[in-house]
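[1] Any chance you could fold what I've pasted below:
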Amino acid sequence: MSRLNRATSLLKSSLPGRAAADSGEKKPPGRLKRMLLWLYNPTVQAGKDYKDVVIETGKKMVKKPVKSTIILTFLGTCTYLRYFNPTLENYRDTSLYNHHKLLMLSWRVRNKTSDEFVDTVRKLDREGRLGHQSFFLFSVVYSAHVNTDLCEFSKTYLSPRWSEYLDRVVDVGCLGKWYYMDNAMLDYDINQDEWK
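    Residues are numbered from 1 along each chain as shown. Coordinates of the predicted model:
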C-alpha cells in the first residue's frame, strides 16, 4: 500500500499547478513525469466513468427489478451455454467412444441404426470431411464434399448451395451433448431384428 501512496503523491506533486505554486516559477515536467501524467489522467477518468455506469445501472435495477432479473437471467443462460458449447474434438471423442461401445457387442446384438450412424460419422472423420460451425450457443457438425484441408484451390467452389445445408447436418450439439448421436445410441445394445 505504501508504494501506491508514494506513486499517488508523486503524481499529485507533478501536477503543473502544484509545481508552480511551490517554486514560484513554471518548470516543465520531466519525461518520466509527463509519461506518468499521460497514463494517469485517462486511467482515472475511465475509472470514474465506469464507476458512474455501475452506480446508474444499480439504480435502474432497483427501479425495475423484474426487467433486470430477466436480463440477468438471459445473460447468465447465454454465458452458461457458451461455456459448455461442444467442439469438433469433443464430437470426435464421443464418436470414437460410441464406436468402441459398439465393438464390445456382438454383431447379432447391435442396433443397426446405431451401428450405421456411428460408422457413417467415423467414415466422414477418416476422410476428413467433418466440418464444425459454432453458433456461440450451440454447434453444428456437417459433412463436406471433400477434405478442404487438402485442397489447393478456393473453397468457394466447394461450398454447397443454401438448399443443401440442412441435408448436410450430421449432428447438433449444445450443453456438452450431441443430440443426434445420443438419439442414435439410445438402444445400441438391442437388435430390433431379433423381435421380428
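[2] how far away is Tyr180 from Arg34?
    63 Å (Cβ to Cβ, to the nearest Å). Any C-beta I mention is one placed from the backbone N, CA and C, and that applies to glycine too.
[3] What of Ile70?
    Relative to Arg34, and taking Cβ to Cβ, Ile70 is found at 49 Å.
[4] Have a look at Tyr180 and Arg34 and say which one is more surrounded.
    Each of Tyr180 and Arg34 has its neighbours counted (other Cβ atoms under 10 Å); Tyr180 has more, 15 against 12.
[5] just checking, that one touches Val118?
    No - taking contacts as Cβ atoms under 8 Å, Tyr180 lies outside contact range of Val118: 10.9 Å.
[6] so where's this structure uncertain?
    1-29, 146-162, 195-196 (pLDDT under 70).
[7] Could you spell out the sheet neighbours of whatever helix or strand Gly131 lives in, each with its direction?
    Assessed by DSSP states H and E, Gly131 sits inside strand 130-134. Sheet pairing here is set by DSSP bridges, and for strand 130-134 it gives strand 139-143 (antiparallel).
[8] what distance separates the strand it pairs with from the centre of its chain?
    16 Å (Cα atoms, centre = their mean, to the nearest Å).
[9] helix or strand right after it?
    Next helix or strand after strand 139-143 toward the C-terminus (DSSP H and E): helix 165-168.
[10] for that next one, the distance to its chain's centre please.
    Relative to the centre of its chain, helix 165-168 is centred 24 Å away, using Cα atoms, centre = their mean.
[11] Which strands and helices lie in contact with that helix?
    Under the contact criterion of 3 or more Cβ pairs under 8 Å, 6 or more residues apart in numbering; DSSP states H and E, helix 165-168 touches strand 139-143.
[12] Name all residues that make contact with the most centrally placed residue in the chain.
    Nearest to the mean C-alpha position of the chain, by Cα atoms, centre = their mean, lies Arg82 at 5.1 Å. By Cβ atoms under 8 Å, 6 or more residues apart in numbering, the contact set of Arg82 is 136-137.
[13] what does the strand holding Gly131 contact?
    85, 87-88, 91-92, 121, 124, 139-144, 148, 170.
[14] what separates the residue nearest to the centre of the chain from Gly176, distance-wise?
    Taking Cβ to Cβ, one finds Arg82 at 12 Å from Gly176.
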